[in-house]
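[1] Structure here, sequence nowhere to be found:
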């Protein structure tokens, strides 16, 4: 019997995009179910009763939650194609460390860039660029974070790139100027169809955040 794979997601979520990229890398066919984050569906609440968040991967009726856990699950279940994590235990631990760094640092700091003003925003911008510079130093001169092949850390970070235009617009900053090697890496990743077809349109992300800023009373 063929696997039944369903993804509960929201189009602009960089966390959901991670799952989309991983599924595309593995060539897994799945059903995409767009979720309204402001009016959560009974299915989402049933499948993720603890966090009540997307993304949720439902594999043969069983839910897997949290994007990095889902990506690791995908790598383990569909292990015969495009390995995402290194086979070496130390390298695998390092990949998990850097993906965790992205998870713990980038979203919340990036949020300060587009949801605050004045001194708070300036502090957020400084922290945001510093985080990207730390990641750029870790990338070094390698084509991808894991070396020669696209993998787990690349997936964890590249999905943020479709929000970069919005961060730059609201924060009045240039990521390309501050982190040229990192932006060259983004371009390299986007040459992969699994990435380019999974990322949201940066202009639509900007429109969404304009609306959200108005709702927050920032604009």
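    Received, thanks. These numbers were taken from a predicted model, which means no experiment stands behind them.
[2] any idea how far residue 15 lies from residue 80?
    According to C-beta to C-beta, to the nearest Å, residue 15 and residue 80 sit 26 Å apart. C-beta: built from backbone N, CA, C; applies to glycine.
[3] What of residue 140?
    For residue 140 relative to residue 80 (C-beta to C-beta), the value is 30 Å.
[4] Kindly report the same for residue 194.
    Look at residue 194 and residue 80: by C-beta to C-beta, they are 16 Å apart.
[5] Check the offset of stretch 137-146 from the chain's centre.
    Centroid separation between stretch 137-146 and its chain, computed with C-alpha atoms, centre = their mean, to the nearest Å, is 18 Å.
[6] Let me see the ranges of the strands in this structure.
    5-9, 31-34, 56-59, 62-65 (DSSP state E).
[7] Which one of these lies nearest to residue 177?
    strand 5-9 (32.4 Å; C-beta to C-beta).
[8] which strands and helices sit next to that closest one?
    helix 14-26, strand 31-34, helix 42-47, strand 56-59 (3 or more C-beta pairs under 8 Å, 6 or more residues apart in numbering; DSSP states H and E).
[9] Neighbouring strands - and their directions - for the second one?
    Applying DSSP bridges to the sheet, strand 31-34 is found paired with strand 5-9 (parallel).
[10] what does the partner strand contact?
    16, 19-20, 23, 28-35, 41, 43-44, 47-48, 54-59 (C-beta atoms under 8 Å, 6 or more residues apart in numbering).
[11] If I take that strand and helix 14-26, what angle do their directions form?
    150 degrees (axes from the mean of the first three to the mean of the last three C-alpha atoms, to 10 degrees).
[12] quick one: strand 5-9 to chain centroid distance?
    Mean-position distance between strand 5-9 and its chain equals 16 Å (C-alpha atoms, centre = their mean).
[13] Where do the helices of this protein begin and end?
    For the chain, the helices defined by DSSP state H occupy 14-26, 42-47, 67-77, 89-115, 118-139, 152-158, 161-171, 175-178, 180-190, 193-196, 202-215.
[14] So which of those is nearest residue 3?
    Among those, the nearest to residue 3 by C-beta to C-beta is helix 67-77 (8.4 Å).
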